[in-house]
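Visitor: Sequence below, structure please.
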Amino acid sequence: MRPYVKIIGLENIVEAQLIESILKEKGIPHRVRSFHDTAYDGLFQLQKGWGEIYAPLEFKEEILDILADVRSEVGEPDARATEDGTTED
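Guide: Okay, the predicted model is just below:
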């Protein structure tokens, strides 16, 4: 079994679910670790971020590329949106 190393921190649950879905689809071995702790009501997530992703080192660059794509797409507004927030058909 290949050792898993920390690849990168995750910002929120949506990002974690998106990246996990993509990695499963591509067959990339990974583990997502959340910092949520019910005893402390998520206190560690405020300090450390939502969580981390672990995977074998040989997949690091591919995972970082996928995460960069996810982060860039999440922040982009709809190209067809007008100034008032509606979309043109």
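Visitor: By mean pLDDT, which helix or strand of the chain comes out lowest?
Guide: The least trusted helix or strand in the chain, going by mean pLDDT, DSSP states H and E, turns out to be helix 43-48, with a mean of 57.
Visitor: what residue ranges in the protein score low on pLDDT?
Guide: By pLDDT under 70, the weakly predicted segments of the chain are 36-48, 74-89.
Visitor: any chance you could map the helices in it?
Guide: 13-26, 43-48, 60-74 (DSSP state H).
Visitor: how about the longest one: buried residues?
Guide: I take that to be helix 60-74. By 16 or more other Cβ atoms under 10 Å, the buried positions in helix 60-74 come out as 63, 66, 67, 70. For every residue, glycine as well, the C-beta is placed using N, CA and C.
Visitor: before we move on, what about stretch 1-9?
Guide: In stretch 1-9, counting by 16+ other Cβ under 10 Å, buried: 4, 7, 8.
Visitor: give me every residue that touches the last one.
Guide: Read it as residue 8. Residues in contact with residue 8 (Cβ atoms under 8 Å, 6 or more residues apart in numbering) are 52, 53, 63, 64, 67.
Visitor: from those, which two are the most distant?
Guide: 52 and 64 (13.1 Å; Cβ to Cβ).
Visitor: Redo the contacts of residue 8 as a markdown table? Include distance to residue 27.
Guide: Below are the contacts of residue 8 laid out as a markdown table (distance: Cβ to Cβ, whole Å):
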| residue | distance to residue 27 |
| --- | --- |
| 52 | 21 |
| 53 | 15 |
| 63 | 13 |
| 64 | 17 |
| 67 | 17 |
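Visitor: ok, back up a step: distance to residue 32 added to the helices of the chain, as a markdown table?
Guide: Listed next are the helices of the chain as a markdown table, based on distance: least, Cβ to Cβ, whole Å:
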| stretch | distance to residue 32 |
| --- | --- |
| helix 13-26 | 5 |
| helix 43-48 | 13 |
| helix 60-74 | 11 |
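Visitor: and the gap between residue 17 and residue 6?
Guide: Here the criterion is Cβ to Cβ, to the nearest Å. By it, residue 17 lies 19 Å from residue 6.
Visitor: returning to that earlier point: and which of the contacts of residue 8 is nearest to residue 23?
Guide: Nearest to residue 23 among these: residue 63, at 6.9 Å, using Cβ to Cβ.
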